[in-house]
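>>> missing the sequence, but the structure's below:
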C-alpha cells in the first residue's frame, strides 16, 4: 500500500508539471511584448526554439540516461546546451528544473519497484531529504561552497574506497552488503545523512552520489540506492523546484518538452540496463560514479572558489 502511495505521488507530480507547463507555454506564446534580454516576443521565441528541437531531444535522452545511473543530468545538459547553442544561457537554469522534473519522477516510479526495500527505511530517508531541503536552505546558502566541495571530495573518495574494498573482499570492512532494511544506529545515520544531502541541494550539491555511497557503506543492497536517491529528488522537483520555475516563466518552451519526453525515454532505457546488471557489477558501476563525482567536486572547488 505504501509503495502504491509513493508511486501515486510520482504520477501526480508528472501530471501536475505537464499541466503547468502546457498552461504557462500558452501564456508565454501569447505575450506580445519583447523579452528585454532575449529581444523576442513569446511567439518569436517559440519559433526560434523549435529550430533546436533535434539537439535538445538528443541531449534530453543522453543526460537523463546518465542521470539514471547516478551521474546527474544538470551538468551534462548545461555543457551540451552551451556547445550546441541550443538554449539561451539565461534560460538554462529554468529549462533544467522544468524539463527534468518529469524524467526524475519516472525514475522514482520505476525504481520504487526495483528491489523489496523496507518501506520505513525508504520513507524516512526520502522525508529527511525533503525536510532538509526546505528547512536548511537559508542556513547552507551561507556556507563556504569551496570548503563544502573539498569536504565532499574527501568524504566521497573515502566512501568509494571503502565500498570497493568491501566489494573485492579486501581490508577490515567486511563483505558487500545485501541488506534491504536499516534499524538502530544505521537507520539514524541514513536519515541524518539524507537530511544533510537534501539541505546541500540548495547550493547546487547533487544528492545522488553521496546517497549512493552512504547506502552501500551502510551495508545495503546496491539496488536500494536508486529508490532512496530518486524518490528524494522526485518529490523535491515535482512539488518544489519544477512548479516554481514554471511560474517564473524563464525557461526554453521547446527544450523543456524535449527534456521531459526524450528524457523519460532515456530513463526507461537506463532502468532496463541497471535492472539487468548483476549486483557485483552494479556495485562497481556505482563506485566509478562516486569516484567521478568526488573528483568533479575537487575540480569545482579549485576552479570556482568560495563564491561559486
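Ah, there it is. In this text the structure is predicted, and so the values were computed from the model without any measurement.
>>> which helices and strands does the top helix by length along the chain pack with?
If each helix of the chain is counted by residues according to DSSP state H, the longest one is helix 2-29. Counting by 3 or more CB pairs under 8 Å, 6 or more residues apart in numbering; DSSP states H and E, the packing neighbours recorded for helix 2-29 are helix 42-50, helix 101-111, helix 119-140, helix 225-236, helix 242-248, helix 253-276. (Glycine included, C-beta is placed from N, CA and C.)
>>> Grab the nearest non-local neighbour of residue 239.
Using CB to CB, 6 or more residues apart in numbering and skipping the chain neighbours, the partner closest in space to residue 239 is residue 13 (6.4 Å).
>>> Give the full set of residues in contact with that neighbour.
Neighbouring residues of residue 13 by CB atoms under 8 Å, 6 or more residues apart in numbering: 101, 105, 234-235, 237-239, 242.
>>> Before we move on, what's the pLDDT of it?
Looking at residue 13, its pLDDT is 93.
>>> how much space between residue 188 and residue 297?
Counting by CB to CB, to the nearest Å, the separation of residue 188 from residue 297 is 25 Å.
>>> ugh, wrong one, I meant residue 156
7 Å.
>>> now residue 255
As judged by CB to CB, residue 255 and residue 297 stand 27 Å apart.
>>> go on, residue 178?
Using CB to CB, one obtains 29 Å as the distance from residue 178 to residue 297.
>>> higher neighbour count, those two?
A count of neighbours by other CB atoms under 10 Å puts residue 297 above the other of residue 178 and residue 297, at 23 against 12.
>>> Tell me where the stretch 51-200 of the chain has helices.
Assigned by DSSP state H, counting those that start in this stretch, the stretch 51-200 of the chain shows helices spanning 53-68, 74-84, 92-99, 101-111, 119-140, 145-168, 184-200.
>>> Can you lay out these as CSV showing distance to residue 222?
Formatted as CSV, the helices of the stretch 51-200 of the chain follow (distance: least, CB to CB, whole Å):
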stretch, distance to residue 222
helix 53-68, 14
helix 74-84, 23
helix 92-99, 27
helix 101-111, 12
helix 119-140, 15
helix 145-168, 9
helix 184-200, 15
